[in-house]
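# Quick one: sequence plus predicted model below, questions after.
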Amino acid sequence: MKKTGKKINKLPFILIFALGFLIAIYPVISNFYYRVNANNEIANFTKGKNELDQKEIDRRIELARAYNESLDPSRLQDPFTQRQKEGIKEYARMLQIKEMIGHVQIDKIGVNLPIYAGTTEEVLQKGAGHLEGTSLPVGGESTHTVITAHKGLPKALMFRHLDELKEGDVFYIHNIDTVLAYQVDNIVTVEPDNFEHVLVVEGKDYATLLTCTPYMINSHRLLVRGHRIPYTPPVEEDSLLSPGANMKYKLLLLLALLVIIILLIISYSYHKKIKGQEKNIKSK
């Protein structure tokens, strides 16, 4: 009887271990799921733009450039305020395919996020947003587009590792017409109401990636600016996750499934054995 009692006392520890393990791997599984979903959204965008006639693409890009020429930098606002913004998607409708206006690819930190018009919380929960009041992401002289995303969400990393970028690194913005390549040349942390570093500079073609910092405190804004360079397709352009990252996530998922299966087998065998012992005790 004492031996049986000791075995029964092991069950809570097994359950606690299983619960702790599942909590520990949740961010990994959640982020992997988000990446797969983001990849599907980007695939839909790519399919949609490939179906557009070149004349229609040219017309839309021209409209976007006309919009950029009409911007008033003095009306910029912090993208992470709680202020409601009505009809924000209208200004970028000429670039939209299935609500997306493109996607931002940062190979160094394994990021490839859909870009949506505006910076409402609804947008930033889905992916990256284009900061209204800045140039639409179509490139050209005297333009400065700003793409913003959360420092991280429970379900996804988003721009969590943006601070790992260094001067000289390259990121890409995909739109309906082409891929714009930008080389990082300036990294700065500023107050939320400081827009000096995201204003248009005459003759320059800039893009800035923006997120809150520090993580979970969000008192400042991290700005990573790049200047336009000729586009050279990266080796892994068509892959959302590099082979190494893919392998890491697959191994983690397989490990998680293996541990869950083992725990289920142990639990089933344990209960079966206990029931057998109880039957033996009753028969005596």
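Good, I have the coordinates.
# What are the boundaries of the strands in the stretch 1-150 of the chain?
Ranges of strands in the stretch 1-150 of the chain, per DSSP state E, counting those that start in this stretch, are 100-106, 111-117, 128-130, 143-148.
# Which pLDDT value goes with residue 253?
Looking at residue 253, its pLDDT reads 65.
# swap that for residue 37, please
pLDDT, residue 37: 80.
# Measure how buried it is and give me the count.
For residue 37, the neighbour count with other C-beta atoms under 10 Å is 15. Where C-beta positions appear, they are placed from N, C-alpha and C, glycine not excepted.
# if we can go back for a sec, winner for burial among the strands of the stretch 1-150 of the chain?
strand 128-130 (a mean of 28; mean count of other C-beta atoms under 10 Å).
# thinking again about what came up before, and residue 40, which of the strands of the stretch 1-150 of the chain is closest to it?
Proximity to residue 40 (C-beta to C-beta) singles out strand 111-117 among those, at 9.8 Å.
# who does the closest one touch, helix- and strand-wise?
helix 10-50, strand 100-106, helix 121-126, strand 128-130 (3 or more C-beta pairs under 8 Å, 6 or more residues apart in numbering; DSSP states H and E).
# how about the strands of the stretch 1-150 of the chain in TSV, adding mean pLDDT and distance to residue 212?
Below are the strands of the stretch 1-150 of the chain laid out as TSV (pLDDT from 0 to 100; distance: least, C-beta to C-beta, whole Å):
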stretch	mean pLDDT	distance to residue 212
strand 100-106	97	17
strand 111-117	96	15
strand 128-130	96	13
strand 143-148	97	9
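# how about the ones you listed in JSON lines, adding distance to residue 137?
Listed next are those as JSON lines, based on distance: least, C-beta to C-beta, whole Å:
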{"stretch": "strand 100-106", "distance to residue 137": "6"}
{"stretch": "strand 111-117", "distance to residue 137": "7"}
{"stretch": "strand 128-130", "distance to residue 137": "7"}
{"stretch": "strand 143-148", "distance to residue 137": "4"}
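# Nearest to residue 179, out of those?
When those are compared by C-beta to C-beta, strand 100-106 sits nearest residue 179, at 8.2 Å.
# And the helices in the stretch 151-284 of the chain?
All helices of the stretch 151-284 of the chain, identified by DSSP state H, counting those that start in this stretch, fall at 243-283.
# In it, where is pLDDT below threshold?
Scanning the stretch 151-284 of the chain for pLDDT under 70 picks out the ranges 234-256, 259, 263, 267-268, 270-284.
# thinking again about what came up before, any idea which of the helices and strands packed on strand 111-117 has the lowest pLDDT on average?
Averaging pLDDT over each of these puts helix 10-50 lowest, since it has a mean of 75.
# buried residues in stretch 222-230?
222, 223, 224, 225, 226, 228 (16 or more other C-beta atoms under 10 Å).
# same deal with stretch 166-177?
For stretch 166-177, by 16+ other C-beta under 10 Å, it's 169, 170, 171, 172, 173, 174, 175, 176, 177.
# Could you check how many residues crowd around the residue nearest to the second one when sequence neighbours are not counted?
When you say that, I think you mean residue 170. Nearest non-adjacent residue to residue 170, counting by C-beta to C-beta, 6 or more residues apart in numbering: residue 183, 5.2 Å away. Neighbours of residue 183 under the rule other C-beta under 10 Å: 14.
# What of residue 191?
Residue 191: 10 neighbours (other C-beta under 10 Å).
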